[in-house]
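# Quick one: sequence plus predicted model below, questions after.
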Amino acid sequence: MFFAVLLFFREPKRSGAGKTASLSAALRDFGTVITNPRFMLFLLIFSGYWIVYWQEFIILPLYVHDYIDPNTDTELMLITGPLVVIAFTMLVSILTRKIAAFRAIILGTLISALAWLVLIIFHSVVAAYVTLIVVALGEITQSPRYYEYISRLAPPGQQGTYMGFAFLPIGIGSLIAGVFGGRLIHHFGEVTHQPQLMWWAVTGVGVLTALLLWIYDRTIAPAVPVSNA
């Protein structure tokens, strides 16, 4: 379903432009994007952010319930992130508006990665809440600038197709995150009985993602057209 959306998503036609674009035109735009190696590499690298992000829904509730306090209302706890996003997106956007878009993406990725260190240092429900807050701050640092970067990067007339592909890392991340998180909580929780150590692995993936994004930006990132800057 996800790839079907990518395949057929196109820019809305302007007035007088006729009916919906043909399948061949959709296939042409789809092919143009997937044969752009630098853009696809960027999306693949950025999938690491979502592998880390999804752990707040996959293994964090299990960790809190099984190893901190079984009486914790984890469903209520998981509302923390969305509330932070709603309350502080505008403020963070104002504070980071002078930071280049790609640097904001790297910064947000790093913030969300380091958030999990709180759970390594402090073994408490409060630490879980703080972690969720910091992860959300990382999200609202990178997310608006991520879509801004992709919209500027897209060639004229292909913004819709590129923006459709912008969701690809979310899909890749969700597919990998469940397996990754499951193995972590099994190994560190059930085998070694050192559940706090699994957050080192989560943090490591996030920091590695930020590092790879920085290398990408310094070496092979395509230049954003001046007209779109």
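The structure has been received and is ready for your questions.

# make it CA atoms for all contacts and neighbour counts henceforth
Will do.

# gap between G206 and T35?
Taking Cα to Cα, to the nearest Å as the criterion, G206 is separated from T35 by 27 Å.

# the more surrounded of these two?
More neighbours surround G206 than the other of G206 and T35, with 28 against 10 (other Cα atoms under 10 Å).

# so that one makes contact with G108?
No. Taking contact to mean Cα atoms under 8 Å, the distance of 10.2 Å between G206 and G108 leaves them out of contact.

# and the longest helix belonging to the chain, what does it pack onto?
Looking only at the chain and at elements set by DSSP state H, the helix with the highest residue count is helix 125-153. Counting contacts by 3 or more Cα pairs under 8 Å, 6 or more residues apart in numbering; DSSP states H and E, the secondary-structure elements packed against helix 125-153 are helix 60-67, helix 80-95, helix 101-114, helix 117-121, helix 159-165.

# Can you spell out which helices and strands pack onto the first one?
Looking back up the chat, that one is helix 60-67. Under the contact criterion of 3+ Cα pairs under 8 Å, 6+ apart, the helices and strands touching helix 60-67 comprise helix 74-77, helix 125-153.

# if you compare those, which one is most tucked away?
Here the criterion is mean neighbour count by mean count of other Cα atoms under 10 Å, and of the helices and strands packed on helix 60-67 the winner is helix 125-153, at a mean of 21.

# quick one, that one and helix 80-95 angle?
When axes from the mean of the first three to the mean of the last three Cα atoms, to 10 degrees is applied, the directions of helix 125-153 and helix 80-95 differ by 50 degrees.

# any idea of the mean pLDDT for helix 125-153?
In this model, helix 125-153 has a mean pLDDT of 94.

# what's the angle from it to helix 60-67?
Using the same axes, to 10 degrees, helix 125-153 lies at 170 degrees relative to helix 60-67.

# Next, the angle helix 101-114 makes with helix 125-153.
Going by the same axes, to 10 degrees, helix 125-153 makes 160 degrees with helix 101-114.

# Now do stretch 180-198: distance from first to last residue.
In terms of Cα to Cα, the two terminal residues of stretch 180-198 are separated by 11 Å.

# In that stretch, which residues are buried?
Neighbour-count burial for stretch 180-198, with 16 or more other Cα atoms under 10 Å as criterion, is recorded at 180-181, 184-185, 187-189, 195-198.

# Equivalent analysis for stretch 154-165, please.
In stretch 154-165, counting by 16+ other Cα under 10 Å, buried: 154, 158-165.

# Kindly report the same for stretch 210-217.
By 16+ other Cα under 10 Å, the buried positions in stretch 210-217 come out as 210-214, 216-217.

# out of those residues, who's nearest L43?
Among those, L213 lies closest to L43 (Cα to Cα), at 10.0 Å.

# close enough to count as contact, I45 and L213?
Yes. I45 lies in contact with L213 (Cα under 8 Å); the separation is 6.9 Å.
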